[in-house]
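Novice: After the sequence you'll find the predicted model.
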Amino acid sequence: MPHPAWRLPLIGDVLRLDPQRPVQREVQFVRELGDVLEISIIGRKVVVVGGGDAAAEVFDESRFAKAVVPPVSNLRELAGDGLFTAFNSEPAWAQAHNVLMPAFSQASMRSYHDAMVECVDQLCDYWTDRAERGTVDVSSDMNRLTLEVIGRTGFGHSFDSFASDRNPFVESMTRALSFVSQTANDLPVIREILGWKALRQNPKDIALMKRTVDDVITARRSGQSPRQDDLLQRMLENPDPDTGELLSDQSIRNQVLTFLIAGHETTAGLLSFALHYLSLNPDMIERARAEIDEVIGAEGAPVRFEQIAKLRYVRRIIDETLRLWPSGPAFFRKTREATTLAGYPIGKSETILVVLLALHRDPKLWGDNAEDFDPDRFLPAAVRARPAHAYKPFGVGARACIGRQFALHEAVLTLAQILTRFDIAPVPGYELSVAELLTVRPENLRLQIRPRP
Ligand code: HEM
């Protein structure tokens, strides 16, 4: 199998990796070496899949399954056997999946809508207050929004995201995620020497996050915070239909932390990229506004739940953004048995990294203009004409994203409200550069905003 040049004994390809932007480097490997290649990280072999038919193979659940390996497995220190980090064989996964699936049904989404609208209104008011400064920090403000949304709808908890500039929980979470993603491929000795400060800070960050979540759970259990129809209440009250058992306190804490991690940076990154592309394409803003005016009407009318699904063009903007910059730019699979992949023999339980960032731009699947932002790629006829494996921003199989509908509803609603209330324009000279922290997000993205009359 092809591999990057200059492989060294013992450490393998480590020096060729980019700890700051690992997935963007892997895209370069795919471009240089083809759809299937192998990297070796200190004795650990990973098969990388970045396009074509190999992706279709690897999405076949009968031959491949989710793999929980570094850096994802490093998150277990924080989220234990929560939904995202559980091993396939752990009973906690099936139990939590059964309890939580109904919380992500259409009917449940309806019950989160009003809280989402309130959070987006807070964001818009926050921006209105800052409009005279001319620009806003988009990635940071989208993080405020999405954390507030998942905190409110998931656990009835406000992080007061728009009230203060310093939120200890957010600071700890950002540091903990960056620790996980940046130390994933370090040699332990290098980590000891270069990362001693982070090594000491990390347990403190994890402890603060766990304490915050335990406080939220305790307040709800003891009746100090009101009962609500949210994810937390479901976990406290609804037994697993298969086993008849309630989730343990430990599992509930793991799930809450999981949703805060998985449901926050992801949607924030998506919204930030979408606003970046819109700011460069005023014609798309006009098309979106025409649709919003038709479906929702003049500003002032509250947005209703069922209107969101009718914003087909806004949704295509979201879909296309997730094509170019899937928030989770890569995910791991493993072989169930020894098999072949694209004709190469691979053993049982070998790790495979699916690089969505490459797959979603594969010219064989998306044409020669694959790098261009064009929401009409998601017109129904165009979608039907493409193979299903061309686009998997929410993963595949049993372990695919449980929050997909939640994220899409939140994202369409937010874009619609922002476009209704603000004119947006790029800051002259801004060149997109993309930071990776398990998820991707635009670096230092600011936009000029002006409230619309
Ligand atoms: C744009 C937004 C989002 C994207 C692109 C996204 C993407 C993904 C992907 C690719 C996976 C599969 C990872 C793997 O196979 O290892 C996943 C899993 C997961 N996501 Fe999301 N996600 C998003 C938003 C959300 C939200 C809003 C929530 C919660 C409210 C959420 C909760 C989860 C959970 C719990 C899992 C693990 C599911 C399981 O293994 O059973 N995600 N997500």
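Specialist: Great, that's in hand. These numbers come from a predicted model, not from an experiment.
Novice: And the residue of the stretch 151-300 of the chain that's closest to the ligand?
Specialist: Gly263 (3.0 Å; C-beta to the nearest ligand atom). All C-beta spots, glycine's among them, are computed from the backbone N, C-alpha and C.
Novice: gap between that residue and Pro70?
Specialist: Plainly put, Gly263 is 22 Å away from Pro70 if you go by C-beta to C-beta, to the nearest Å.
Novice: Of those two, which one has the most company?
Specialist: More crowded of Gly263 and Pro70, by other C-beta atoms under 10 Å: Gly263, with 25 against 17.
Novice: quick one: the residue nearest to the more buried one when sequence neighbours are not counted from the ligand, how far?
Specialist: Spatial nearest neighbour of Gly263, chain neighbours left out: Ile150 (4.3 Å); criterion: C-beta to C-beta, 6 or more residues apart in numbering. Separation of Ile150 from the ligand (C-beta to the nearest ligand atom, to the nearest Å): 6 Å.
Novice: I'd say Thr267 and Thr146 touch.
Specialist: Yes. At 4.5 Å, Thr267 counts as touching Thr146 under the criterion of C-beta atoms under 8 Å.
Novice: Next SSE downstream of the least confident helix or strand in the chain by mean pLDDT?
Specialist: Using mean pLDDT, DSSP states H and E, helix 188-194 stands out as the lowest-scoring helix or strand of the chain, at a mean of 57. As assigned by DSSP states H and E, the chain's next helix or strand after helix 188-194 is helix 196-221.
Novice: Burial check on the residue in the chain that the ligand sits nearest to, number of neighbours?
Specialist: Proximity of the chain to the ligand (C-beta to the nearest ligand atom) peaks at Gly403, 2.2 Å away. When counting by other C-beta under 10 Å, one arrives at 22 neighbours for Gly403.
Novice: and what of the one 5 residues further on?
Specialist: By the other C-beta under 10 Å criterion, the neighbourhood of Leu408 contains 20 residues.
Novice: give me every residue that touches Pro239.
Specialist: Counting by C-beta atoms under 8 Å, 6 or more residues apart in numbering, Pro239 makes contact with Val99, Glu245, Leu246.
Novice: which residues touch the first one?
Specialist: I take that to be Val99. By C-beta under 8 Å, 6+ apart, the contact set of Val99 is Arg234, Met235, Asn238, Pro239, Asp240, Leu247.
Novice: go with 7 Å
Specialist: Counting by C-beta atoms under 7 Å, 6 or more residues apart in numbering, Val99 touches Arg234, Met235, Asn238, Asp240, Leu247.
Novice: per-residue pLDDT, it?
Specialist: Note for Val99: predicted pLDDT of 94.
Novice: Could you do the second one as well?
Specialist: pLDDT, Glu245: 92.
Novice: I'd assumed it was in a strand, is it?
Specialist: No. Read with DSSP: H, G, I helix; E, B strand; the rest coil, Glu245 is coil and lies in no strand.
Novice: any idea which helix or strand carries Lys334?
Specialist: strand 330-335.
Novice: which is the next helix or strand following that strand?
Specialist: Immediately after strand 330-335, counting by DSSP H and E, sits strand 339-341.
Novice: contact partners of whichever helix or strand comes after that following strand?
Specialist: Later in the chain than strand 339-341, the nearest helix or strand by DSSP H and E is strand 344-346. In this structure, residues lying in contact with strand 344-346 by C-beta under 7 Å, 6+ apart are Met1, Val36, Val47, Thr335, Thr339, Thr340.
Novice: Wait, the third one touches Val355, no?
Specialist: This means Val47. No. With contact defined as C-beta atoms under 7 Å, Val47 does not count as touching Val355 (10.9 Å).
Novice: quick one, which of the two is more surrounded?
Specialist: Higher neighbour count among Val47 and Val355: Val355, with 26 against 23, using other C-beta under 10 Å.
Novice: Tell me who's in contact with the more buried one.
Specialist: Shown in contact with Val355 (C-beta under 7 Å, 6+ apart): Val23, Glu26, Val27, Val30, Val48, Val49, Gly50, Ala330.
Novice: Can you name the residues bridging to it?
Specialist: Taking DSSP bridges as the rule, Val355 bridges to Ala330.
Novice: Start the count at 882 instead of 1 going forward.
Specialist: Got it, first residue is 882 now, which makes that one Val1236.
Novice: could you check the distance from it over to Pro1261?
Specialist: 27 Å.
Novice: same deal with Pro1323?
Specialist: In this view, Pro1323 and Pro1261 are 29 Å apart by C-beta to C-beta.
Novice: if you skip the residues just before and after it, what's nearest to Val911?
Specialist: Closest to Val911 by C-beta to C-beta, 6+ apart is Gly931, at 3.2 Å.
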